[in-house]
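[1] need a structure here:
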Amino acid sequence: MSGWFDAIVAFIQAHAAWAPAIIFVFIFLKSLAFVSLIVPTWFVVALGGLVGVSGLDFWPIWTAMTVGAGLGDWVSYWIGSRLKGRAWSVWPMSRYPALLMRGERFFRRWGAISVVLCRLFSPARATVPLLCGIFEMPWRKFQIANWVSAPLWSFIVLAPGTFLAAWFR
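    Numbers count the residues shown, from 1 in each chain. Below you'll find the model as predicted:
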């Protein structure tokens with residue numbers, strides 16, 4: 001295992017200039033509704049450890065994560081705003097209408113704070129921006145919640161692994 005891990009760290013160090021761009025693309029895709037279900041959150045947390053062990057600068061990676069997360073949620077919101085009432089007939093929502101109804105209740109109850117709350121809880125993180133678009137949260141209100149929570153989420157996910165791994169290094 002150590003040889004495999006050392007090879008990954010060496011690869012990251014050799015291609016450090018590409019790390020922010022790769023992280024941006026990865027987090028952007030992870031933030032899109034339904035794509036996020038494919039990539040587990042522990043993988044994103046593990047990125048923090050890889051950043052710390054490889055000696056990459058924290059702030060460019062954090063910035064890439066923040067922008068990727070914010071833009072991914074923006075696109076999910078946009079998709080939701082285009083779907084609106086048709087969302088009930090689109091997979092996977094058509095197969096799980098009860099989840100869509102629960103999401104709507106949650107969204108209606110918490111409003112813009114639902115974006116902030118759900119960004120911190122993985123299963124709903126990428127779905128709430130879609131719901132915000134479907135249920136017509138005002139664009140500006142969504143964007144404020146989106147761009148306030150993106151840097152917070154990026155720090156919470158990235159910092160522990162980065163700083164602990166750097167400390168152990």
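[2] just the pLDDT for Arg95.
    On pLDDT, Arg95 comes in at 77.
[3] quick one: it from Trp88, how far?
    Relative to Trp88, Arg95 is positioned 11 Å away (criterion: Cβ to Cβ, to the nearest Å). No exception for glycine: its C-beta is placed from N, CA and C like everyone else's.
[4] element containing the closest residue to Gly103 other than its chain neighbours?
    In space, and not counting its chain neighbours, Gly103 is closest to Leu131: 4.9 Å by Cβ to Cβ, 6 or more residues apart in numbering. Using DSSP states H and E, Leu131 sits within helix 127-134.
[5] so what touches that helix?
    31, 33-34, 36, 73-74, 76-84, 87, 100, 103-104, 106-107, 114-115, 118-119, 142, 146 (Cβ atoms under 8 Å, 6 or more residues apart in numbering).
[6] next SSE after it?
    Helix 127-134 is succeeded, C-terminally, by helix 139-168 (DSSP H and E).
[7] quick one, that following helix and helix 127-134 angle?
    Per axes from the mean of the first three to the mean of the last three Cα atoms, to 10 degrees, the angle that helix 139-168 makes with helix 127-134 is 170 degrees.
[8] packing partners for helix 139-168?
    For helix 139-168, the elements it packs on are helix 41-54, helix 58-83, helix 113-119, helix 127-134, judged by 3 or more Cβ pairs under 8 Å, 6 or more residues apart in numbering; DSSP states H and E.
[9] that one versus helix 41-54: what angle between them?
    Going by the same axes, to 10 degrees, helix 139-168 makes 50 degrees with helix 41-54.
[10] mind listing what's buried along helix 139-168?
    Neighbour counts over helix 139-168 (16 or more other Cβ atoms under 10 Å) mark 142-143, 145-147, 149-151, 153-155, 157-158, 161-162, 165-166 as buried.
[11] and it, how far from the chain's centre?
    Chain-centre distance of helix 139-168: 9 Å, with Cα atoms, centre = their mean, to the nearest Å.
[12] tell me what angle that helix forms with helix 58-83.
    Orientation check (the same axes, to 10 degrees): helix 139-168 against helix 58-83 gives 150 degrees.
[13] only C-alpha atoms, please: export stretch 114-126 in CSV.
    Extracted in CSV, the C-alpha atoms of stretch 114-126 (Å, rounded to 0.1, in the frame of the first residue of the first chain):
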residue,chain,number,x,y,z
SER,A,114,-31.5,25.2,2.9
VAL,A,115,-28.7,25.8,0.4
VAL,A,116,-26.2,26.5,3.2
LEU,A,117,-27.4,23.6,5.4
CYS,A,118,-27.5,21.0,2.6
ARG,A,119,-24.1,21.9,1.2
LEU,A,120,-22.7,20.6,4.4
PHE,A,121,-24.7,17.3,4.2
SER,A,122,-23.6,15.2,1.3
PRO,A,123,-26.7,13.3,0.1
ALA,A,124,-28.7,16.5,-0.4
ARG,A,125,-25.9,18.8,-1.3
ALA,A,126,-26.2,18.8,-5.1
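[14] many thanks, I have nothing further to ask.
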